[in-house]
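# Following is a predicted model, sequence given first.
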Amino acid sequence: MYYPKTGGYKFIMEDILREKMLDAGVNIETAMERFMNNEQLLVKFLKKFPQDPNYDAMLVAVEEKRYEDAFKAAHTLKGVCGNLSLESLYENVCKVVELLRGGKGEGIDTVLPDAKAEYERVVAILETI
């Protein structure tokens with residue numbers, strides 16, 4: 001739809017982008033505060049998130065039962081999710097971090113599937129922006 005007052009389609013795209021960010025679990029208000037209200041910078045970092053190596057590193061380390069390495073990767077991933085205000089993914093990764101704290105993997109199978117599912121859901125959305 002064309003908006004003559006705005007000179008084009010810009011606001012439609014912004015609405016679509018905002019909706020995708022919300023679907024991905026981004027707390028837009030908090031994220032914009034962190035990124036000093038620079039929407040382009042936030043979008044740039046959200047687009048880069050799927051290439052962050054910590055998710056894969058965490059999964060490999062868990063599979064190989066290297067729980068200290070898995071903890072480090074999960075903890076870093078948690079920080080990235082927090083900085084990007086990816087709230088639902090952040091909450092899932094927090095559970096993984098707590099179970100890996102201290103280099104132990106007891107109970108990891110109870111929380112890792114939810115974290116994996118949420119990660120895959122979020123990444124699928126972010127790859128469309």
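Happy to help now that I have it.
# Grab the nearest non-local neighbour of residue 93.
residue 78 (4.5 Å; CB to CB, 6 or more residues apart in numbering). Using the backbone N, CA and C atoms, a C-beta is placed for each residue, glycine as well.
# for the protein, where's the lowest mean pLDDT among helices and strands?
Least confident helix or strand of the chain, by mean pLDDT, DSSP states H and E, is helix 10-23 with a mean of 76.
# Show me what that one is packed against.
helix 28-34, helix 108-126 (3 or more CB pairs under 8 Å, 6 or more residues apart in numbering; DSSP states H and E).
# Out of the ones you listed, flag the one nearest residue 16.
Counting by CB to CB, residue 16 lies closest to helix 108-126 out of the helices and strands packed on helix 10-23; the figure is 11.7 Å.
# and that closest one, what other elements does it pack with?
With 3+ CB pairs under 8 Å, 6+ apart as the test, helix 108-126 has helix 10-23, helix 54-63, helix 87-100 packed against it.
# quick revisit: so which of the helices and strands packed on helix 10-23 has the densest surroundings on average?
helix 108-126 (a mean of 16; mean count of other CB atoms under 10 Å).
# Mind telling me which of the helices and strands packed on helix 10-23 the model trusts least?
Mean pLDDT is lowest for helix 28-34 out of the helices and strands packed on helix 10-23, coming in at a mean of 92.
# now the angle between helix 10-23 and whichever helix or strand comes after that helix, please.
Next along the chain after helix 28-34, taking DSSP states H and E as the criterion, comes helix 39-48. Interaxial angle, helix 39-48 versus helix 10-23 (axes from the mean of the first three to the mean of the last three CA atoms, to 10 degrees): 50 degrees.
# hang on, the earlier thing: list the buried residues of the least confident helix or strand of the chain.
20, 21 (16 or more other CB atoms under 10 Å).
# next one: that helix to chain centre, how far?
On the basis of CA atoms, centre = their mean, to the nearest Å, helix 10-23 sits 17 Å off its chain's mean C-alpha point.
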